[in-house]
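Undergrad: Kindly return the folded structure for what I paste below:
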Amino acid sequence: MAWRDLSKRVKRQVSDFLEIPGEIILDLPKITLAGGLQLSVENHRGLLKYSAGEIHINLAEGELIIHGKDLKLHSVLPEEILVEGKIKSIAFGGEE
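TA: Numbering: from 1, shown residues only. Predicted structure coming up:
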C-alpha cells in the first residue's frame, strides 16, 4: 500500500471519529450548484482555463470541468470561486 493511500485512510478515520467534515481534513472541494445557474467551489487551487463555454478549476487532486453557456466568473477568492451562467455539465478530470 502506498504511503499516500495510507495517509488518506488515516485522515478519513480521524475525520469520522472526530466528526469533522471531510472537506476540511481531506482537502476535498465543496461544490454547491444552485439551479444550473450558479456554482460555488470552495477549497480550490486556482483557475486553469476560462472561456464563456468552459471553465477548468484546479483541485487538490485533479480538476473540475464546467461546461455551459455565457459562463462568467462572478468572484475568485483564495478559498472560493463563484461561477454564473447556464451550467450544462460538471465533470472531474485529471489525477486518479
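
Undergrad: Let's verify L6: helix, strand, or coil?
TA: helix (DSSP: H, G, I helix; E, B strand; the rest coil).

Undergrad: Centroid-nearest residue for the chain?
TA: Using C-alpha atoms, centre = their mean, the residue of the chain that lies closest to the mean C-alpha position is P29, 3.9 Å off.

Undergrad: For that one, which residues are in contact?
TA: Residues near P29 by C-beta atoms under 8 Å, 6 or more residues apart in numbering: 23, 41-44, 59-60, 64. Quick note: C-beta positions are derived from backbone N, CA and C, even for glycine.

Undergrad: need the helices for the protein, in chain order.
TA: Remark: helices assigned in the chain by DSSP state H are 3-18, 22-25.

Undergrad: Worst mean pLDDT among the ones you listed?
TA: Among those, helix 22-25 has the lowest mean pLDDT, at a mean of 62.

Undergrad: Contact partners for E79?
TA: Applying C-beta under 8 Å, 6+ apart, the residues near E79 are 42-44.

Undergrad: A91 now?
TA: 64-65, 67.

Undergrad: Ok, A60 next?
TA: Applying C-beta under 8 Å, 6+ apart to A60 gives the contacts 27-29, 43, 45.

Undergrad: which of these sit farthest apart?
TA: Within the contacts of A60, L28 and R45 form the most distant pair, 12.0 Å apart (C-beta to C-beta).
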